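missing the sequence, but the structure's below:
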């Protein structure tokens, strides 16, 4: 009993501290408590306008500092810089030798890479935009450290693979954490936009021209008997369910694609393979899913093969990766990649 009383007292003290912080919040945020509701709404609108101006100035500064960046990331409403890191080494993908030094700029929807233009005296000059990747199209691969290579990570976009190395392990950890966080926030934002668009279309269906047959399904001619029978066999109830099914299928395809893209970017292999299996089970009933699922399946297969080819893989890691590839139907590719990696490791030891 005494222990429970002490726990309760501690919780009450925490609640008291929280209430005191809440009471001091208006002063910390420079909010006039005596202001009316209209004045507070005006202040909120002013804050939003100030944020838009801040983002616009931020993008203007970026375009001034990095030549050619306006072509890759033009100023659009809401686009802003989240994180910057300079002094990253770009490596040759074949030899892993340093080719130049670059700067990473992480925006809310993309990643910009800029390199320094060399002057005649060999010193680094002005920053020039080199490439840019949309966050939902790039794949970041964390490479394990070896005796000769440390702090290395890869960025894969479509069929291109770029290799980079940071000076310190903390820099690599921070940069990859930023990639993950911004990618997750972008996926959530895209999902909310789709849900809002769905609600808007739904309101258009329910609040449109009341004299139109489109908004009065009961005035539309009935389906033929054979079509109605097929609809009942497929579990579709009534004539208006065709439109609802199309909307549900569209949302399912978008959600599955986004979730799979995020899972691949975060290297959540189990979740990614489960999503592929779920999509394959739905392809027969949702034909439009095939065009989105095929490239994403190729992307996760490539990422898994790349992870399997790492020479420092332990037995458990290799077994797990091969298991994922077998579930994807990539047994021959997994076998050849594993054998090549083992042969390369044995040659290195010899």
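That came in fine, so what should we check first? This structure is a prediction, so every number in the text was calculated from the model and none was measured. Residues are numbered from 1 along each chain as shown.

Can you show me the helices along the stretch 151-300 of the chain?
Secondary structure of the stretch 151-300 of the chain (DSSP state H, counting those that start in this stretch): helices located at 169-206, 225-233, 241-265, 269-282, 289-308.

To clarify, my last question referred to the stretch 1-150 of the chain.
2-28, 37-65, 69-72.

and the ones you listed, which one's lowest on average pLDDT?
Across those, helix 2-28 has the smallest mean pLDDT, namely a mean of 68.

residue ranges with poor pLDDT in this protein?
1-7, 21-49, 119-124, 204-243, 350 (pLDDT under 70).

Could you state which residue of it sits nearest its centroid?
residue 183 (3.0 Å; Cα atoms, centre = their mean).

roughly how far apart are residue 286 and residue 295?
16 Å (Cβ to Cβ, to the nearest Å). Where you see a C-beta, it was placed from the backbone N, CA and C, and this is true even at glycine.

Show me which of these two is the more surrounded one.
Ranked by neighbour count (other Cβ atoms under 10 Å), residue 286 and residue 295 place residue 286 first, with 19 against 10.

Contacts only, for residue 106.
81-84, 175, 178-179, 182 (Cβ atoms under 8 Å, 6 or more residues apart in numbering).

Now distance to residue 68 too, for the helices of the stretch 151-300 of the chain, in CSV please.
Shown next, in CSV, are the helices of the stretch 151-300 of the chain (distance: least, Cβ to Cβ, whole Å):
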stretch, distance to residue 68
helix 169-206, 22
helix 225-233, 55
helix 241-265, 26
helix 269-282, 35
helix 289-308, 28
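
Please give me every residue in contact with residue 310.
143-144, 341.

Mind picking the one among these that's closest to residue 317?
residue 144 (9.6 Å; Cβ to Cβ).

wait, doesn't the closest one sit right on residue 312?
Yes - using Cβ atoms under 8 Å, residue 144 makes contact with residue 312 at a distance of 4.9 Å.

For residue 115, find the nearest of the helices of the stretch 151-300 of the chain.
Taking the helices of the stretch 151-300 of the chain one by one with Cβ to Cβ, helix 169-206 is closest: 16.4 Å.

hmm, back to that, contacting residues for the residue nearest to the centre of the chain?
So residue 183 contacts 135-136, 262, 265-266 (Cβ under 8 Å, 6+ apart).

What is the burial count for residue 330?
Residue 330: 19 neighbours (other Cβ under 10 Å).

so how far is residue 314 from it?
21 Å.

OK, contacts around residue 62?
69, 73, 81, 105, 112.

and those, which two are the farthest apart?
Largest pairwise distance in the contacts of residue 62, by Cβ to Cβ, is 10.4 Å, between 69 and 81.

Tell me which of the two has more neighbours.
More crowded of residue 69 and residue 81, by other Cβ under 10 Å: residue 69, with 21 against 16.

Just want the angle from the helix or strand hosting residue 347 to helix 289-308.
Per DSSP states H and E, residue 347 falls inside helix 331-349. Counting by axes from the mean of the first three to the mean of the last three Cα atoms, to 10 degrees, helix 331-349 lies at 20 degrees to helix 289-308.
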